[in-house]
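Asker: Take a look and give me a structure for this.
(one chain, ligands or ions: 1)
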Amino acid sequence: MKTYHLIATAAAGIEGIANQELKDLGYETQTENGRVRFKGTAEDIAKTNLWLRTADRIKVVVGEFKATSFEELFDQTYAIAWEDLLPMDGEFPVSGKSVKSKLYSVPNCQRIVKKAIAKRLMDHYARKMPLSETGDYYPIEISILKDVAIITLDTSGSSLFKRGYRTEKGGAPLKENMAAALVKLTTWFPDRPLYDPTCGSGTILIEAALMGRNIAPGLNRSFAAEKWEFFNPEVWSKEKTKARQKINHEIKLNIFGSDIDGRMIEIAKQNAANAGVGEDITFKQMQLKDYRPNEEYGILISNPPYGDRLLDEDKVHQLYQDMGTIYRLMTTWSKYILSSDDSFEKFYGEKASKKRKLYNGALKVNYYQFWSTNK
Ligand code: SAH
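Answerer: Below is the predicted model:
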């Protein structure tokens with residue numbers, strides 16, 4: 001099987017976690033801003049799409065070259081053996097970006113790349129008529145950074161955060177891959193209690209349950225490359241079968257979620273059931289200050305309101321204060337709280353053991369970590 005240069009893209013701040021996931025799957029990697037490079041076959045493309053929990057997309061690097069003029073961009077794009085990648089009727093939209101480069105007009109770059117690919121395919125197939133583009137989907141990207149162009153083919157199609165289990169999501173949901181990253185940044189192990197007191201649509205807990213059961217997060221969705229005839233499409237059903245065999249049906253998980261909003265609890269239950277982990281998580285409608293878990297040595301993860309989208313600032317600060325009052329007493333627990341509010345520690349009433357800068361979508365947030373004193 002042919003080996004490809006591959007890229008796993010990930011949100012800023014998450015690359016290191018995606019890199020660790022790739023290493024755990026056995027790949028040699030190289031981390032750059034917003035992406036991790038590795039090499040693999042069609043089988044690896046299927047495997048990484050199915051298994052990576054924190055990445056956005058898996059892309060094939062089909063060309064990488066210096067380009068400071070449209071002629072260079074056209075010629076170098078035309079020089080790629082597109083007929084080995086795309087069928088004659090493939091639909092190939094070209095997206096683009098350009099940073100600190102001479103070729104700064106993104107629409108023009110997209111147009112040139114599109115033209116060069118079309119010309120290569122038409123010449124190869126000796127066609128005079130424009131290509132129909134009625135076939136399968138081959139999303140292409142031209143990305144130029146400091147005059148170096150990278151052309152990629154996106155094997156994922158829609159972003160990997162779309163697992164397919166979340167039918168409803170409420171007002172301020174986390175992306176599934178971000179929720180998975182939040183779990184991975186904790187010391188949670190499947191034998192420990194896990195609690196999310198502001199669980200909303202349940203994303204964090206569902207992602208944890210998927211990890212606990214070793215369920216591949218992509219098992220219930222489709223990917224662009226599943227249909228690509230030059231990429232051994234049969235590998236997908238093989239990798240899916242292997243992934244199904246790896247599910248841990250035995251493990252008992254101790255995962256609990258609550259939210260003040262009863263409607264969110266209904267949604268969370270439905271989403272967990274869709275994800276195949278409905279039996280693993282207990283959800284209950286309850287306000288945070290009414291409850292403190294009886295267990296010891298657990299992990300608490302919370303993505304409370306920040307005072308911009310869901311609640312006014314005073315109420316949010318009161319909530320942070322309530323959190324501090326209750327959670328400071330849970331000394332055997334490690335607490336991880338995500339907030340964009342720089343005064344979080346002040347209202348919580350304790351300085352975090354560690355803060356980690358992350359992005360929740362475009363919003364800068366801190367992941368405040370309060371580690372348990374007794375390990
Ligand atoms: N991570 C969740 C989104 C959480 S949004 C997801 O991915 O869907 C914040 C949640 O905090 C909301 O669902 C809101 O209902 C809940 N909330 C606000 N005040 C609360 C309180 N006092 N007690 C418990 N939950 C509260």
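Asker: residues contacting whichever residue of the stretch 101-250 of the chain sits closest to the ligand?
Answerer: The nearest approach of the stretch 101-250 of the chain to the ligand comes at residue 200, 2.7 Å away (CB to the nearest ligand atom). For the C-beta atoms, the positions are set from N, CA and C on the backbone; glycine is no exception. Listed by CB atoms under 8 Å, 6 or more residues apart in numbering, the contact set of residue 200 reads 169-170, 172-174, 259, 261, 264, 268, 303.
Asker: So for it, what pLDDT did the model give?
Answerer: Looking at residue 200, its pLDDT is 96.
Asker: Residue 312 too?
Answerer: On the pLDDT scale, residue 312 is placed at 85.
Asker: helices and strands around the longest strand along the chain, which ones?
Answerer: Ranked by residue count, the top strand of the chain under DSSP state E comes out as strand 57-66. Strand 57-66 sits against strand 4-9, helix 42-51, helix 70-78, strand 148-154, with contacts defined as 3 or more CB pairs under 8 Å, 6 or more residues apart in numbering; DSSP states H and E.
Asker: now with 10 Å?
Answerer: Applying 3 or more CB pairs under 10 Å, 6 or more residues apart in numbering; DSSP states H and E, one finds that strand 57-66 makes contact with strand 4-9, strand 35-40, helix 42-51, helix 70-78, strand 140-145, strand 148-154.
Asker: Mean confidence (pLDDT) on the longest one, please.
Answerer: In this model, helix 42-51 has an average pLDDT of 98.
Asker: Now tabulate the helices and strands packed on strand 57-66 in CSV and tack on mean neighbour count and distance to the ligand.
Answerer: Shown next, in CSV, are the helices and strands packed on strand 57-66 (neighbours: other CB atoms under 10 Å; distance: least, CB to the nearest ligand atom, whole Å):
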stretch, mean neighbour count, distance to the ligand
strand 4-9, 22, 21
strand 35-40, 20, 25
helix 42-51, 24, 21
helix 70-78, 18, 40
strand 140-145, 21, 28
strand 148-154, 22, 25
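Asker: so residue 288 makes contact with residue 319?
Answerer: Yes - shown here, residue 288 and residue 319 form a contact pair, counting by CB atoms under 10 Å, at 7.0 Å.
Asker: Identify the contacts common to these two.
Answerer: Residues within reach of residue 288 and of residue 319 at once, by CB atoms under 10 Å, 6 or more residues apart in numbering, are 197-198, 260, 302, 304.
Asker: which parts of stretch 79-89 are buried?
Answerer: If you call a residue buried by 16 or more other CB atoms under 10 Å, then stretch 79-89 has these buried ones: 80, 82, 85-87.
Asker: what does stretch 163-174 give?
Answerer: Along stretch 163-174, these residues count as buried under the neighbour rule (16+ other CB under 10 Å): 163, 165-166, 169-170, 172-174.
Asker: Now, the residues you listed that are in helices?
Answerer: Judged by DSSP state H, helices contain none of those.
Asker: Is it correct that residue 279 is in contact with residue 253?
Answerer: Yes - using CB under 10 Å, residue 279 is in contact with residue 253, at 8.9 Å.
Asker: so what sits against both of those two?
Answerer: In contact with both residue 279 and residue 253: 209, 213, using CB under 10 Å, 6+ apart.
Asker: So for these two, which residue has more residues nearby?
Answerer: Set residue 279 next to residue 253 and count neighbours by other CB atoms under 10 Å: residue 253 wins out with 22 against 12.
Asker: OK, contacts around the more buried one?
Answerer: 190-194, 205, 208-209, 211-213, 277, 279-282.
Asker: Now distance to the ligand too, for the buried residues of stretch 163-174, in a markdown table please.
Answerer: Compiled in a markdown table, the buried residues of stretch 163-174 are given as follows (distance: CB to the nearest ligand atom, whole Å):
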| residue | distance to the ligand |
| --- | --- |
| 163 | 12 |
| 165 | 12 |
| 166 | 8 |
| 169 | 6 |
| 170 | 5 |
| 172 | 4 |
| 173 | 4 |
| 174 | 4 |
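Asker: For the contacts of residue 200, give me TSV that also has distance to residue 5 and pLDDT.
Answerer: TSV is the format used below for those (distance: CB to CB, whole Å; pLDDT from 0 to 100):
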residue	distance to residue 5	pLDDT
169	35	80
170	39	79
172	37	80
173	34	88
174	31	95
259	44	98
261	46	97
264	43	96
268	40	97
303	36	97
